[in-house]
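S.K.: Structure here, sequence nowhere to be found:
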């Protein structure tokens with residue numbers, strides 16, 4: 001190949017490479033212009049929105065705490081009418097009557113007022129949302145608010161919050177699903193299977209002191225739940241079948257007070273039989289070994305066919321939660337809440353089973369509608 005041919009070939013190669021590079025450049029520029037934002041911009045907007053949300057939540061929490069303190073102070077000064085004063089202080093009671101304030105109603109009423117005052121101090125308008133208020137009276141006074149709506153912000157990097165209010169639509173988690181409705185032919189029988197002489201009842205104890213019944217009931221702690229199988233079982237054999245709420249109470253009574261004291265019926269009927277004496281609905285009248293009966297209300301407002309029952313064990317507080325309405329630990333405290341033990345769950349041989357719960361938590365939201373407390377006749 002002569003020199004002129006080499007020069008021509010090199011020129012052609014240079015022109016081809018230049019053309020390819022030019023096309024790549026044009027193509028790259030056209031695609032860049034098609035992107036809505038630069039790399040990382042959406043992530044930065046998300047981070048900024050999250051920071052604004054955290055700031056708003058912190059403000060709401062602080063407003064709620066300040067409102068609670070103010071409401072608590074005012075609640076202690078409400079509702080003392082009729083008992084007079086000692087100097088500048090209202091009296092709780094006299095020899096003739098009590099004038100204790102209705103703390104629950106007063107707190108809810110006063111909290112709304114103060115919370116709105118603090119809520120309105122936020123630099124940007126926050127839509128008002130509705131809350132449901134609950135009070136848990138354990139060793140401390142816990143005031144719990146559950147929102148009926150939630151606040152939403154669109155993802156952006158602006159300084160404005162632009163709150164929006166949406167209705168909460170939340171599916172119940174599995175642990176608080178109600179049991180499926182059982183047709184009448186499949187409901188648990190009122191009369192449980194009573195054990196043979198293999199597990200005879202213990203010797204009946206003297207009348208009027210049934211602390212030992214409550215102590216024995218606590219030996220069932222951790223036993224699995226039964227939905228349809230009904231049998232009287234010992235603490236050592238309770239996991240072979242499981243215990244409904246009714247057979248749990250029945251088993252504790254059977255093995256302490258004797259077979260002739262076994263109370264029959266569903267949880268809503270546990271105080272209706274001739275073996276039990278009703279003592280009303282006041283928790284102040286409770287003694288260890290007493291039983292409660294309730295109607296069990298479903299989410300649609302109807303009642304189940306079986307209700308619910310359990311046994312009072314004493315004053316104190318519960319800890320170590322294991323699902324809804326169930327705590328694994330109970331610490332006695334004469335100034336604490338009223339504590340019960342019951343069997344609760346949704347399936348045969350299911351969890352959580354036998355566990356503790358407090359009066360304030362068990363009856364807080366009208367799912368368990370208390371109809372009566374009662375006492376075994378041998379304990380009256």
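M.R.: Received the coordinates, thanks. In this text, all values refer to a predicted model and were calculated from it rather than measured experimentally.
S.K.: Packing partners of the one helix or strand residue 212 maps to?
M.R.: Assigned by DSSP states H and E, residue 212 falls within helix 211-217. Under the contact definition 3 or more CB pairs under 8 Å, 6 or more residues apart in numbering; DSSP states H and E, helix 211-217 sits against helix 245-257, strand 308-321. To be clear about C-beta, it is placed using only N, CA and C from the backbone, and glycine gets the same treatment.
S.K.: Determine how far the last one lies from the middle of the whole chain.
M.R.: Between the centre of strand 308-321 and the centre of its chain there are 15 Å (CA atoms, centre = their mean, to the nearest Å).
S.K.: Now do it and helix 245-257, the angle between them.
M.R.: Computed by axes from the mean of the first three to the mean of the last three CA atoms, to 10 degrees, the angle separating strand 308-321 from helix 245-257 equals 90 degrees.
S.K.: So which of the helices and strands packed on helix 211-217 has the densest surroundings on average?
M.R.: Here the criterion is mean neighbour count by mean count of other CB atoms under 10 Å, and of the helices and strands packed on helix 211-217 the winner is helix 245-257, at a mean of 27.
S.K.: So which other helices or strands are in contact with it?
M.R.: Using 3+ CB pairs under 8 Å, 6+ apart, helix 245-257 sits against helix 211-217, strand 308-321, strand 337-344.
S.K.: So for residue 242, which of these sits nearest?
M.R.: Proximity to residue 242 (CB to CB) singles out strand 337-344 among these, at 8.0 Å.
S.K.: Give the next helix or strand downstream of that closest one.
M.R.: Downstream of strand 337-344 (by DSSP H and E), the next one is strand 353-358.
S.K.: relative orientation of that following strand and strand 308-321 in degrees?
M.R.: 80 degrees.
S.K.: pLDDT of strand 353-358, averaged?
M.R.: Averaging pLDDT along strand 353-358 gives 95.
S.K.: can you check stretch 209-223 too?
M.R.: Here the average pLDDT along stretch 209-223 is 94.
S.K.: ranges for the helices of this structure?
M.R.: 3-32, 41-76, 103-119, 211-217, 245-257, 359-362 (DSSP state H).
S.K.: so of these, which one's packed in deepest?
M.R.: helix 245-257 (a mean of 27).
S.K.: quick revisit: for residue 336, find the nearest of the helices and strands packed on helix 211-217.
M.R.: strand 308-321 (4.2 Å).
S.K.: Let me see the mean pLDDT of the closest one.
M.R.: pLDDT averaged over strand 308-321 gives 94.
S.K.: ok, the residue most central in space within the chain to residue 149 distance?
M.R.: The centre of the chain sits closest to residue 324, judged by CA atoms, centre = their mean, with a distance of 5.4 Å. Residue 324 sits 23 Å away from residue 149, going by CB to CB, to the nearest Å.
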